[in-house]
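In: Sequence and computational prediction follow.
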Amino acid sequence: MRRKEKRLLQFAGLLIAALLFLPNVGLWSLYRDRVFDNSPDTMDRPGGIPPIQLNQMRKVAQVGLDGVRRTDWHDYEAMRRDAARFGNGEQGKPFPLTETDQVDQAYRENGFNIYVSDRISLNRSLPDIRHENCKQKLYAEKLPNTSIIIPFHNEGWSSLLRTVHSVLNRSPPQLIAEVILVDDFSDKEHLKVPLEEYMKRMPKVHILRTKKREGLIRTRLLGAAAAKGEVITFLDSHCEANVNWLPPLLDRIAQNRKTIVCPMIDVIDHDNFGYDTQAGDAMRGAFDWEMYYKRIPIPPELQRDDPSQPFESPVMAGGLFAVDRKWFWELGGYDTGLEIWGGEQYEISFKVWMCGGRMEDIPCSRVGHIYRKYVPYKVPGGISLAKNLKRVAEVWMDEYAEYVYQRRPEYRHLSARNMAERRRS
Ligand code: UDP
Ligand code: MN
């Protein structure tokens, strides 16, 4: 009897110790997730931080023929800390789902599995799936700083916070002027006082709020109007920035301020949060005459010998890009007549190409995005997408709008109110 009690006590003691100190499962990990900082953390694999590898040595800065001094922007210390993390969802691995995890309720509010998101660290590590050549690249020592603008409407707590954490964890601090979270009239309680309280510990993060539901286009514009950085970088509110994502973007803008740059958008699975590339390599943005966005293979004659090189892109996907702040406003920002969601990616793409700029996809910059299972939010007024697409086609596509009408005859009869005044001379 006594021995049994002793055993029981020993077992309970061990359990408490494990609960307190085991990385990733222990209470300590909860605490760590709440108290955000960039200092070395406690999530190391037993056996310590992996030794530095030869290909992870800082490369020496070089002065190019153009006189620009280039440096290695990798944060090897942070990379090693990330490599040492383990646990649910770490290294971008799929979360082991049970059937009870996949109930409808888990998807209802966000269109992705928020139960899973809530059980993965806000500082989780991601696999470095960049092309090998990216690991050797140097970028200008003097880069413009950027405001990061993240619009959100009723975003989940952990998915929004993981976006912010990933940006702050994986960007050189001197390149982040600020992070502006723009709330598009959310009604979820967690996005009010709790969000403000949480962000008090992150002095670079500011929260703005729209006064009514504006839709993502005018919400992004509100953030852009407040931005102070030399560059503005837009992200969705459910993203994860991957290793060294920012310098390759800013470097292209530093070389030509009229270049709009997009990272490669990786897929965060809406069920299990596994992190992976999009299907198909060497693809870029396009659209058909129904104005559906699609990715199509880069024609062989335009493919580069080195797939890590930036390549031109006709139209962007929409949510994730960086642009020189003044150039964005010279382009007229977005058309404020576009409602709620969609079409704005064509508008900004057409304008940059027609106004003497260019748009590029940057293979060495990777950001994950949760592609939803379904759209969880209401679209006031119902048919805003069709109106937006008609408006963009009429304003920017001249006689080609006729091809759209042939495929989408119902667009002809949509109200054309407010359409004409945006036409630029
Ligand atoms: N969003 C917004 N207002 C809206 C709809 C969306 O601020 O009325 C935000 C949303 O939270 C996200 C971004 O705009 O950060 C893009 O929307 P979403 O992710 O739904 O688009 P998708 O990625 O599915 O195309
Ligand atoms: Mn999105």
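Out: Structure received. Ligands and ions are numbered 1, 2, ... in the order given.
In: wait, doesn't residue 348 sit right on residue 316?
Out: Yes. Using CB atoms under 8 Å, residue 348 is in contact with residue 316, at 7.1 Å. Every residue, glycine included, has its C-beta placed from N, CA and C.
In: who touches both of the two?
Out: Taking CB atoms under 8 Å, 6 or more residues apart in numbering as the contact rule, residue 348 and residue 316 both touch residue 260.
In: Now the spatially closest residue to residue 389 that is not a sequence neighbour, what are its backbone angles?
Out: Distances taken as CB to CB, 6 or more residues apart in numbering place residue 291 nearest to residue 389, at 4.4 Å, with adjacent residues excluded. The phi and psi values for residue 291, taken as degrees, to the nearest 10, are phi 70, psi 30.
In: For ligand 1, see how far away residue 291 is.
Out: In this structure, residue 291 and ligand 1 are 14 Å apart, going by CB to the nearest ligand atom, to the nearest Å.
In: same question, residue 225
Out: With distances defined as CB to the nearest ligand atom, the gap from residue 225 to ligand 1 amounts to 15 Å.
In: in what helix or strand does that residue lie?
Out: Using DSSP states H and E, residue 225 sits within helix 216-226.
In: could you say what helices and strands that helix packs with?
Out: For helix 216-226, the packing partners by 3 or more CB pairs under 8 Å, 6 or more residues apart in numbering; DSSP states H and E come out as strand 146-152, strand 176-183, strand 205-209, strand 231-234, helix 325-330.
In: hey, C-alpha coordinates of the first one in PDB?
Out: Which is strand 146-152. These are the backbone C-alpha positions of strand 146-152, laid out as PDB (Å, rounded to 0.1, in the frame of the first residue of the first chain):
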ATOM      1  CA  THR A 146       8.700  49.000 -45.100                       C
ATOM      2  CA  SER A 147       5.400  49.400 -43.500                       C
ATOM      3  CA  ILE A 148       3.600  46.000 -43.400                       C
ATOM      4  CA  ILE A 149      -0.100  46.400 -43.900                       C
ATOM      5  CA  ILE A 150      -2.400  43.600 -42.800                       C
ATOM      6  CA  PRO A 151      -6.200  44.200 -43.400                       C
ATOM      7  CA  PHE A 152      -8.500  41.800 -41.500                       C
END
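In: Might you calculate how far the helix or strand just after that strand sits from the centre of the chain?
Out: Using DSSP H and E, the helix or strand that follows strand 146-152 in sequence is helix 157-169. Between the centre of helix 157-169 and the centre of its chain there are 10 Å (CA atoms, centre = their mean, to the nearest Å).
In: Show the average pLDDT along helix 157-169.
Out: Across helix 157-169, the average pLDDT comes to 98.
In: returning to that earlier point: tell me which of the helices and strands packed on helix 216-226 approaches ligand 1 most closely.
Out: For the helices and strands packed on helix 216-226, the distance to ligand 1 is smallest for strand 146-152, at 3.7 Å, taking CB to the nearest ligand atom.
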